[in-house]
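# Need the 3D shape of this:
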Amino acid sequence: MITVRELELLGVPEGTAYRRCRHGEPWQRLGPGIVALHNGEPTWRQQMIAGLLHAGDHTMITGRAALRLHGLRSGPAPERVHLLVAHTRQVRSWGPFHVERTSRMPRVVERAGLAVAPLPRALTDEARLMTDPTAIAELFAEPVRRFLVTPQELLEELDAGCRKGSAAPRAVLRALLDGVWSGAEFDARAWWLAQPDLPAARFNVRVRDLSGRSIGIVDVLVEELGFAWEIDSVEQHFATPEQVEATVRRARALRAVGLHLVSTRPSQRRDDPDGVLQDLRDGLAIAAALPPARALYDVPQLS
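As a prediction, the model looks like this:
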């Protein structure tokens, strides 16, 4: 990747550079004044380099493209290069290059030889452009689960920036602080809280027997009743025999310490929410009639 201005300094006239970018010629134009010295399909890395050349000095990649460079893989592949430039710069977005002017340029970090925004900033810059809370939960959950960033760091980054587009990310972060670790769990939590007759619950709670041995983490726990709700991570017809066996063993261990367990497949809550709600009501009634569970509980901390 090279700019036409740099080519001129190397002795290639501007007209020659653009002529070599015509159809069938050996070069191609990737942006205003930016040339790839080949005519094949540009790689994603070459597009990112072209974006940095387009935005000029003192710029960096942020958003989903930056997240890929930070090593995150959840969510769809980036479709454009999101770039940060100082608010005093007059650089326009063009084609696949989305240029955002900011008065709060972060400290640049280097990933794979490219200038990239720090992880908390890249995450919140992407989240502000999103409207689906479940997708935002998936975006945040991977780095939080991997302890690459904390919900508190993301909240601080949101507080420091513009309020526009921050409402949905804030709601997701409240759920993360409440123990939610994925988009599916975010949906389940929101659905549970929206049911007026379901009791208060905790989310992603580790269950131990009275000796302190860990049995597993349940998605939803009503502690005073000894009731657990599990959202099966894999539909039954997609599960491997090993996954089915592991699920059975885990359920047996939870019931052995006195928990009453209700399991729901993801498609059930989507296709038959009334039936799932009735299953939960019935399960809560059964749990209330059983002796207290012989278990200890704690919520794994993500912050």
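# For the protein, which segments are assigned as strands?
For the chain, the strands defined by DSSP state E cover 2-3, 28-31, 34-36, 60-62, 81-86, 97-102, 109-111, 114-116, 202-208, 214-222, 227-231, 260-264, 296-298.
# Bridged to the residue lying closest to Ala228 once chain neighbours are set aside, which residues?
Among residues not flanking Ala228 along the chain, Val218 sits closest, at 4.2 Å (Cβ to Cβ, 6 or more residues apart in numbering). Where you see a C-beta, it was placed from the backbone N, CA and C, and this is true even at glycine. Val218 has the following beta-bridge partners by DSSP bridges: Val205.
# I'd like to know how many residues surround Ala141.
22 (other Cβ atoms under 10 Å).
# wait, doesn't it sit right on Trp181?
Yes: applying Cβ atoms under 8 Å, one finds Ala141 in contact with Trp181, separated by 5.4 Å.
# related to what we said a few turns ago, just say which of the strands of the chain is most tucked in.
Neighbour counts (mean count of other Cβ atoms under 10 Å) averaged over each of those peak at strand 60-62, with a mean of 25.
# Please name every helix or strand in contact with it.
Strand 60-62 is packed against helix 44-55, strand 81-86, strand 114-116, helix 119-127, with contacts defined by 3 or more Cβ pairs under 8 Å, 6 or more residues apart in numbering; DSSP states H and E.
# Which stretch among those approaches Leu193 most closely?
The minimum distance between Leu193 and the helices and strands packed on strand 60-62 falls on helix 119-127, with 21.1 Å, by Cβ to Cβ.
# contacting residues around that closest one?
Contacts with helix 119-127, where a contact means Cβ atoms under 8 Å, 6 or more residues apart in numbering, come from 61-64, 66-67, 70, 82, 84, 100, 106, 116-117, 136, 139-140, 143, 148-149, 153-154, 156-158, 161, 165-166, 168-169, 172.
# so that helix versus strand 81-86, what angle?
110 degrees (axes from the mean of the first three to the mean of the last three Cα atoms, to 10 degrees).
# tell me the angle helix 119-127 makes with strand 97-102.
Angle of helix 119-127 versus strand 97-102, following the same axes, to 10 degrees, is 110 degrees.
# ok, Leu148 to Leu119 distance?
Here Leu148 is placed at a distance of 6 Å from Leu119 (Cβ to Cβ, to the nearest Å).
# list residues touching both of these two?
With Cβ under 8 Å, 6+ apart as the test, Leu148 and Leu119 both reach His70.
# Which of the two has more residues huddled nearby?
The neighbour count for Leu148 versus Leu119, taken as other Cβ under 10 Å, is higher for Leu119 (22 against 15).
# Break down this structure into its helices, ranges please.
For the chain, the helices defined by DSSP state H cover 4-9, 14-19, 44-55, 63-69, 119-127, 133-145, 151-160, 167-177, 183-194, 241-256, 266-271, 273-289.
# can you tell which of these is closest to Ala112?
Ala112 sits nearest to helix 63-69 of all the helices of the chain, at 5.6 Å, using Cβ to Cβ.
# Redo the helices and strands packed on strand 60-62 as JSON lines? Include distance to Ala256.
Formatted as JSON lines, these follow (distance: least, Cβ to Cβ, whole Å):
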{"stretch": "helix 44-55", "distance to Ala256": "50"}
{"stretch": "strand 81-86", "distance to Ala256": "50"}
{"stretch": "strand 114-116", "distance to Ala256": "49"}
{"stretch": "helix 119-127", "distance to Ala256": "40"}
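# Name the spans of the stretch 101-250 of the chain whose pLDDT lies under the cut-off.
Scanning the stretch 101-250 of the chain for pLDDT under 70 picks out 233-239, 243.
# Apply 90 and report the result again.
134, 141, 145-146, 161-166, 171, 174-190, 203-204, 216-217, 231-250 (pLDDT under 90).
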